[in-house]
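**Student:** Take this sequence and fold it.
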Amino acid sequence: MHAFQGASKVSIQNATFTEIAGHQTINHYTTVRDTNERKPTIYDEFKQIKIGDVYIVRDIHHDEFPRWKYDRIRLRQDPARPNAVRTISVAEIDGKQGRFTVLSYTGSGAAEVWEEDFRHVFRGRDAKNIQLFGINRSIFPMLLFHNELLPLSHTWDQLHVLGQAYFHSLAESLGCHRSELWIDYKQGALIRGVEGPNCSLNSWIFSGVKTSSSSVELLQADVLWRYLSRVALECEFDGDVIYLFEIHPRKYDHCVDFNPNQPIIFSTSEGSTIAVGSAVWLCSRNCLGSRAVMANGKTRFTLVNDSDDSILFLNTSTLDSVNAWLSQASSVFHALGTSLDQDLSKYKTIVPDIRLIGSIDDSEVARARRSATSFPIYFFVPPSHLPAHHFWSHDEHGRTRISSKECKYLGLPTKLRMNVHSPDQFSWPTKTYKDLHRWQVLRGFDPITTEFAKHLGHLTFEVLHRKSSPFEEVGEDDQEDLSLDQLFYDIESEGLSASIEADQLSDLSTTSRGHGLVWILTAFLPTLFSYLTTWVKVITQ
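**Tutor:** Sure thing, here's the model as predicted:
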């Protein structure tokens, strides 16, 4: 056509032209649209890289499907995922500078797995996300990413437990799983990407701590420790740190040699107890709430009168006991002249496993009576397994007690069944104690004091400076606690069918005065009680 002579890159579809030139010669031209022309797709937004242009420098990881899949709640194995093998590699591309990260796929389900990962990385394009450079959709499909990347899971096991917890928290803040974190050394940051090799589940998330930094420098333990030590003093955060030290690593077993009623620290090399702590109680039912540990060692609960649960089930808290010990171990070792360079795994923390069980009257009458009281109802449990020393009170400090008569009127149990199980024993390597010492220093506490333990709300351990025989370890409090009415009682009736209380003994001595045998028993009763309590202490240990 003369009208388009010299034109280029002209595209005309579904049009008819008539050209009149010279002696009015008429030519008709008709254009027809190619209905088979392909519409642009999202794949066209990336460079199509030929397999021959990719030079694999080294392989990082091979991952076989079916594999663990993160479903935002937990990792689970999904056998329905396609059968494929994914290889993570570092590569160079012909004509391009620098190195790239390549994910290549083989197997019958290679295309499906490739598509799944492609859709995953296409969710966003910013500095916090892995950035796709090019693709290959042949029989050996590939995804090619900018920069030389390394999945965090590749170095996960080499991280300190604090590092694992921090990057676990970082992943949560980025809205991904820790196995989706990648190290971008060129950018100097951790970014989120496709799901990499699985990271172990033995980690923890810091509570209420803003994990804003994704710098790769935090992969260095010393840098991370200094960074975390600058977090504002907060009981919950420091408690998380102690818990991390407590679970990783530790040795755990049941103890068969001791049955203490309070947590103790036992030296296996010396064969003696070096410190004694206070048991803290937990209630696993919702009839009691608002737990508080008092300065005198008692655990206080508040009665929840409108609860639909009338069962009292309390047990000693293992976690509170071991965390209390670890938070002040340095101070105990200092008091005993024990060096942190010694083998500290020989010190065992033995924690009692005791349960107290009872029931609250949930009748409408009893509930109405409790609701009509003007003051809250508190339940106090001592730092040992002695059930007769628990009590109900209207005073939040426990300075007064609700009488047995009023407890009966309100439907509150005064006797609880006690189940004693084999205690748990724990030990930690010397490195754990050194880490604990170091953390306290970084947080501004003097490890030879118990201030850090108090900061966490823990009760302090009593340090024993001498070896004691089982008889010498029985103190006045122990003798008072182990009275007969705590050893024998009928829980079903919650009565005193098989117990003798102080007022009954008084009545017995009065009415039986003049009877020689009763008089002798009354005269020597204190001595008898002393021997009996000592004997019980030996038997229970």
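**Student:** Please make it C-alpha for all contacts and neighbour counts, starting now.
**Tutor:** Noted.
**Student:** roughly how far is stretch 315-335 from the heart of the chain?
**Tutor:** On the basis of Cα atoms, centre = their mean, to the nearest Å, stretch 315-335 sits 18 Å off its chain's mean C-alpha point.
**Student:** typo on my end, stretch 220-229
**Tutor:** Distance of stretch 220-229 from the chain centroid (Cα atoms, centre = their mean) equals 20 Å.
**Student:** mind listing what's buried in that stretch?
**Tutor:** For stretch 220-229, a neighbour-count test (16 or more other Cα atoms under 10 Å) marks 221, 224, 225, 228, 229 as buried.
**Student:** I figured the last one hits residue 440, correct?
**Tutor:** No. Residue 229 lies out of contact with residue 440 (Cα atoms under 8 Å); the separation is 9.2 Å.
**Student:** how about the CA coordinates for the top strand by length along the chain, as CSV?
**Tutor:** Taking DSSP state E as the assignment, the strand of the chain that covers the most residues is strand 347-359. The C-alpha trace of strand 347-359 is given here as CSV (Å, rounded to 0.1, in the frame of the first residue of the first chain):
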residue,chain,number,x,y,z
TYR,A,347,24.4,-30.7,91.1
LYS,A,348,20.8,-32.1,90.7
THR,A,349,17.6,-30.1,91.2
ILE,A,350,15.1,-32.4,92.8
VAL,A,351,11.5,-31.2,92.5
PRO,A,352,8.6,-32.8,94.4
ASP,A,353,5.6,-34.0,92.4
ILE,A,354,2.6,-33.7,94.8
ARG,A,355,-1.1,-33.3,94.0
LEU,A,356,-3.9,-32.0,96.3
ILE,A,357,-7.4,-33.0,95.3
GLY,A,358,-10.8,-32.0,96.7
SER,A,359,-14.1,-30.5,95.8
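**Student:** Name the residues of the helix or strand following it that are buried.
**Tutor:** On the C-terminal side of strand 347-359, the closest following helix or strand by DSSP states H and E is helix 364-372. Using 16+ other Cα under 10 Å as the test for burial, helix 364-372 gives 366, 367, 370.
**Student:** what's the burial count for the closest residue to residue 371 other than its chain neighbours?
**Tutor:** Once flanking residues are discounted, residue 371 sits nearest to residue 305: 7.2 Å by Cα to Cα, 6 or more residues apart in numbering. Neighbourhood size, residue 305 [other Cα atoms under 10 Å]: 20.
**Student:** Could you list the low-pLDDT ranges of this structure?
**Tutor:** For the chain, the stretches flagged by pLDDT under 70 are 1-36, 65-81, 124, 201-203, 207-211, 385-388, 466-541.
**Student:** try 80
**Tutor:** For the chain, the stretches flagged by pLDDT under 80 are 1-38, 64-82, 123-125, 200-212, 248-249, 256, 384-388, 465-541.
**Student:** what does the domain assignment say about the protein?
**Tutor:** Following the assignment in automatic domain parsing, the chain carries domains at 54-231, 252-463, 476-540.
**Student:** Stretch 408-422: which residues count as buried?
**Tutor:** 410, 411, 412, 413, 414, 415, 416, 417, 418, 422.
**Student:** Report the separation between the fifth one and residue 343.
**Tutor:** Put plainly, it is residue 414. According to Cα to Cα, to the nearest Å, residue 414 stands 46 Å off from residue 343.
**Student:** now the third one
**Tutor:** Counting by Cα to Cα, the gap between residue 412 and residue 343 amounts to 49 Å.
**Student:** Among the buried residues of stretch 408-422, which one sits closest to residue 290?
**Tutor:** Nearest to residue 290 among these is residue 412, at 17.8 Å by Cα to Cα.
**Student:** What count of nearby residues applies to residue 186?
**Tutor:** By other Cα under 10 Å, 11 other residues sit near residue 186.
**Student:** ok, now residue 428?
**Tutor:** Look at residue 428: counted by other Cα under 10 Å, it has 23 neighbours.
**Student:** how close does it sit to residue 376?
**Tutor:** Counting by Cα to Cα, the separation of residue 428 from residue 376 is 42 Å.
**Student:** Please enumerate the strands of the stretch 251-400 of the chain.
**Tutor:** Along the stretch 251-400 of the chain, counting by DSSP state E, counting those that start in this stretch, strands occupy 251-254, 264-267, 272-276, 281-283, 288-293, 299-303, 311-316, 347-359, 378-381, 391-393.
**Student:** which residues are contacting the next helix or strand after the last one?
**Tutor:** What it means is strand 391-393. Past strand 391-393, further along toward the C-terminus, the next helix or strand under DSSP H and E is helix 404-410. Outside helix 404-410, the residues that touch it by Cα atoms under 8 Å, 6 or more residues apart in numbering are 361, 366, 367, 369, 370, 392, 413, 414.
**Student:** neighbours around the residue lying closest to residue 246 once chain neighbours are set aside, how many?
**Tutor:** For residue 246, ignoring the flanking residues on the chain, the nearest one in space by Cα to Cα, 6+ apart is residue 323 at 7.1 Å. Using other Cα under 10 Å, residue 323 is surrounded by 20 other residues.
**Student:** now swap in residue 451 and tell me
**Tutor:** Residue 451, neighbours per other Cα under 10 Å, totals 18.
**Student:** what sits against it?
**Tutor:** Applying Cα under 8 Å, 6+ apart to residue 451 gives the contacts residue 445.
**Student:** please renumber so the chain begins at 57
**Tutor:** OK, 57 is where the count begins now, so the last one is residue 507.
**Student:** Tell me both backbone torsions, phi and psi, for it.
**Tutor:** Note on residue 507: its backbone torsions stand at phi -60, psi -40 [degrees, to the nearest 10].
**Student:** returning to that earlier point: report the separation between the residue nearest to residue 302 and residue 182.
**Tutor:** Distance, residue 379 to residue 182, by Cα to Cα: 42 Å.
**Student:** Quick check: which helices or strands does the helix or strand residue 279 falls within pack against?
**Tutor:** Using DSSP H and E, residue 279 sits in helix 277-285. Judged by 3 or more Cα pairs under 8 Å, 6 or more residues apart in numbering; DSSP states H and E, helix 277-285 is in contact with helix 217-229, helix 486-498.
**Student:** Tell me which helix or strand comes right after the last one.
**Tutor:** The element immediately downstream of helix 486-498 (helix or strand, assigned by DSSP H and E) is helix 507-511.
**Student:** who's in contact with the next helix or strand after that next one?
**Tutor:** Remark: after helix 507-511, the chain's next helix or strand is strand 518-519, criterion DSSP H and E. Applying Cα under 8 Å, 6+ apart, the contact partners of strand 518-519 are 330, 331, 332, 333, 388, 391, 392.
**Student:** Out of these, grab the one that's most surrounded.
**Tutor:** Of all the contacts of strand 518-519, the most densely surrounded is residue 333 (25 neighbours; neighbours counted as other Cα under 10 Å).
**Student:** was I right about it contacting residue 517?
**Tutor:** Yes. In this structure residue 333 lies within contact range of residue 517 using Cα under 8 Å: 4.4 Å.
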